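Colleague: Give the three-dimensional model of this entry:
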Amino acid sequence: MKIFNKKTLGLAAIALALPMTVMAASTTIEATASFREAITLGGEVDMAFGQVDYSGTPGAGDTVTMDLSGNLTSAGNFTGAATGTAGSVDIQTGTDGLTIEVQCDTTATLTDAAGSESIQVNNISVGTIDNLGSPSACAGTGSAAMTFALSAGTNDTLKLGGVLDGNTASAGFGGGAYSTANTSGDNIEVVVIYQ
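Modeller: This next block holds a predicted model:
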């Protein structure tokens, strides 16, 4: 028994004395991130059609059309000034050169002070300050009206126009100040996101 133990101890000593090869591997993992500045909007200017005169009950063909420069064209029983104020919003922050998408409501509802009578602005369109002659039709929030590469200082203001449509006037429509800000009014939502 002692012989076996001495042999076992001898073999164990030899095994410990021999170099052991351990199989191991290592690698490294890099980390990356892309950053883009959050888009913020501001400097909103409300769309203003000014004083609109009418005769009779507003209906089909009675319109005031505003282009992106604020020029007004009256038709039918609606008459008014030649210029108004196009809606406007500034893209105040964002990463230059990235493509952004603009979404906007197709209609807005103006109501009287009591919120009981209304008329709509429809066919709302949008364009950039450097391309006012080529408006894009708004398609509702959730759908792109237009896309463009953001360029701070030159391509960062959006303009909006539309058609004040007598055919959408409520049955009891009458004179007075109408606004989307009044009770039951519905404003124009503009959404700007990276594409």
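
Colleague: The helix or strand that contains residue 160 - contacts with which helices or strands?
Modeller: Assigned by DSSP states H and E, residue 160 falls within strand 157-165. The contact analysis (3 or more CB pairs under 8 Å, 6 or more residues apart in numbering; DSSP states H and E) places strand 157-165 against strand 63-66, strand 87-93, strand 118-128, strand 190-194. Bear in mind the C-beta positions are built from the backbone N, C-alpha and C, glycine included.

Colleague: among the ones you listed, which is nearest residue 81?
Modeller: Set against residue 81 and scored by CB to CB, these come closest in strand 63-66, at 9.3 Å.

Colleague: List every C-alpha atom in the following helix or strand past the closest one, with coordinates, as CSV.
Modeller: Next helix or strand after strand 63-66 toward the C-terminus (DSSP H and E): strand 72-75. Presented in CSV, the C-alpha positions along strand 72-75 are these (Å, rounded to 0.1, in the frame of the first residue of the first chain):
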residue,chain,number,x,y,z
LEU,A,72,-55.5,86.5,-50.6
THR,A,73,-57.9,85.8,-53.5
SER,A,74,-61.6,86.2,-52.8
ALA,A,75,-64.3,84.5,-54.8
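
Colleague: Now the strand holding residue 160: average pLDDT?
Modeller: Strand 157-165 carries an average pLDDT of 97.

Colleague: Okay, angle between that strand and strand 87-93 too, please.
Modeller: Angle, strand 157-165 to strand 87-93, by axes from the mean of the first three to the mean of the last three CA atoms, to 10 degrees: 160 degrees.
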